[in-house]
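A.B. asks: next come a sequence and a model predicted from it.
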Amino acid sequence: VQLVESGGGVVQPGGSLRLSCTASGFTVRNYVMSWHRQVPGKERELVATITRSSGSTIYGDSVKGRFNMSRDNAKNTVYLQMNSLKPEDTAVYYCRAYFSIVTNYWGQGTQVTVSS
């Protein structure tokens, strides 16, 4: 079982990035998938969630209207499209797959830096 994130990098304020999270060993559509981010010294923050059945999305207040989470069942991958990036979006972004309290997985994280 593995989650592999990619797509992080350095971008200027106002720019865009798309993060990918590809799963192996399980099927993402059967899990609640989410993106989280963390800055050193702070708690991990929930950014976006996509539900397992309907694929509905929920966003944190700090990213609402700027970020869009989606799922590609054929590629067993979820994405986080990040637009209008701000310096305060700088963080390590993690993908999480949740099935139950005993069955959930985290990716290794990908760094996003927003700086001019």
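C.D. replies: That came through, no problem.
A.B. asks: need the residues that contact the lengthiest strand in the chain.
C.D. replies: Ordering each strand of the chain by length in residues (DSSP state E) puts strand 91-100 first. Strand 91-100 is contacted by residues 3, 5, 8, 19, 21, 23, 26, 28, 30-39, 44-45, 47, 78, 80, 104-112 when judged by Cβ atoms under 8 Å, 6 or more residues apart in numbering. Where C-beta positions appear, they are placed from N, C-alpha and C, glycine not excepted.
A.B. asks: show me what contacts Thr113?
C.D. replies: Residues counted as contacts of Thr113 (Cβ under 8 Å, 6+ apart) are Gly9, Val10, Val11, Thr90.
A.B. asks: what pLDDT does the spatially most central residue of the chain get?
C.D. replies: Centroid check for the chain by Cα atoms, centre = their mean gives Trp35 as the closest residue, at 2.8 Å. On pLDDT, Trp35 comes in at 98.
A.B. asks: and the helices in the protein?
C.D. replies: Using DSSP state H, the chain contains no helices.
A.B. asks: rewinding a little: got a quick ChimeraX command for the buried subset of the contacts of Thr113?
C.D. replies: Buried residues among these (16 or more other Cβ atoms under 10 Å), as a ChimeraX selection:
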select :11,90
